[in-house]
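Q: Quick one, what's the 3D model for this:
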Amino acid sequence: MIGTNAPLVGLTQALDQFLTDSLPATPLRTLWPQSGTRSRVAQSLPLDVYATEEHAVIIAAIPGMPPADLDLTVHQDTVTISGTIPNVAESEETKTATWYVHELWSGSFRRSITLPFPVDADQAQARFAEGILRVTVPKAASAKPQKIAISSAPSPAIDAGNGQGKKK
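A: So this is what the prediction gives:
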């Protein structure tokens with residue numbers, strides 16, 4: 001439990017309450033993590049997402065998270081990343097500690113991103129190193145650019161040599 005003699009923790013909790021009351025259910029609310037001993041709501045996970053001609057890449061920074069505690073699913077064209085980061089204030093090591101600052105985020109998070117094209121979920125790959133999750137999802141064949149061969153034979157619709165297409 002966080003000690004009441006920790007003024008910085010009290011200030012953080014006061015700011016949490018102010019922002020919760022001022023910015024309910026808005027994207028700005030997720031920019032300020034809740035702290036203290038109140039129950040936590042699922043937080044949004046910031047992502048970088050880009051696509052090449054062959055695949056989509058999703059990058060998420062999730063420091064302090066063991067890869068075994070991450071859940072990654074791909075359903076149709078939607079990729080979902082979720083998990084729970086433990087609260088260090090609830091660890092055995094800190095049970096008798098006096099807290100002065102408790103800002104590290106903890107709690108559940110879940111983020112889904114729907115891609116604007118179909119993907120091949122069976123070929124998706126994920127790597128997690130140094131707190132960075134990198135998910136590569138190949139585009140489905142139908143979503144990849146297709147090169148179309150161009151014939152050099154004249155088209156009847158534009159062949160002006162046979163008298164068709166000319167106005168009299």
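Q: where in the chain is pLDDT low?
A: Flagging of the chain using pLDDT under 70 yields the residue ranges 1-43, 155, 157-168.
Q: I85 - nearest residue in space that isn't next to it in sequence?
A: When the adjacent residues along the chain are set aside, I85 lies closest to S106, with 4.8 Å between them (CB to CB, 6 or more residues apart in numbering). C-beta: built from backbone N, CA, C; applies to glycine.
Q: right, I mislabeled it, should have said D120
A: P138 (4.6 Å).
Q: The one you found bridge partners, please.
A: Beta bridges link P138 to H55 when assigned by DSSP bridges.
Q: how deep is the residue nearest to I85 tucked in, by neighbour count?
A: 19 (other CB atoms under 10 Å).
Q: Check I85 too.
A: For I85, using other CB under 10 Å, the count is 19.
Q: again with the one 5 residues further on
A: By the other CB under 10 Å criterion, the neighbourhood of E90 contains 11 residues.
Q: how close does it get to A97?
A: Distance of E90 to A97, given as CB to CB, to the nearest Å: 11 Å.
Q: and what of S142?
A: 56 Å.
Q: out of these two, which sits in the busier spot?
A: Per other CB under 10 Å, whichever of S142 and A97 has more neighbours is A97, with 14 against 8.
Q: quick one: the more buried one is in a strand?
A: No - A97 sits outside any strand when classified using DSSP: H, G, I helix; E, B strand; the rest coil, being coil.
Q: mind listing what it touches?
A: By CB atoms under 8 Å, 6 or more residues apart in numbering, A97 lies in contact with nothing.
Q: Helices along this protein, start to end?
A: 7-22 (DSSP state H).
Q: thinking again about what came up before, pretty sure the residue nearest to D120 sits against E54.
A: Yes - when contacts are counted by CB atoms under 8 Å, P138 is listed as touching E54 (6.3 Å).
Q: and the two? which has more neighbours close in?
A: P138 (17 against 11).
Q: The residue nearest to I85 against S91, yeah?
A: No - shown here, S106 and S91 do not form a contact pair, counting by CB under 8 Å, at 10.3 Å.
Q: nearest spatial neighbour of S82, skipping sequence neighbours?
A: R110 is the one closest to S82 (CB to CB, 6+ apart), at 4.0 Å.
Q: Surely the one you found touches L45?
A: Yes - with contact defined as CB under 8 Å, R110 reaches L45; the gap is 7.4 Å.
Q: anything in contact with each of the two?
A: What both R110 and L45 touch, as defined by CB under 8 Å, 6+ apart, is the set I81.
Q: Please say which of those two ends up with more neighbours.
A: L45 (18 against 14).
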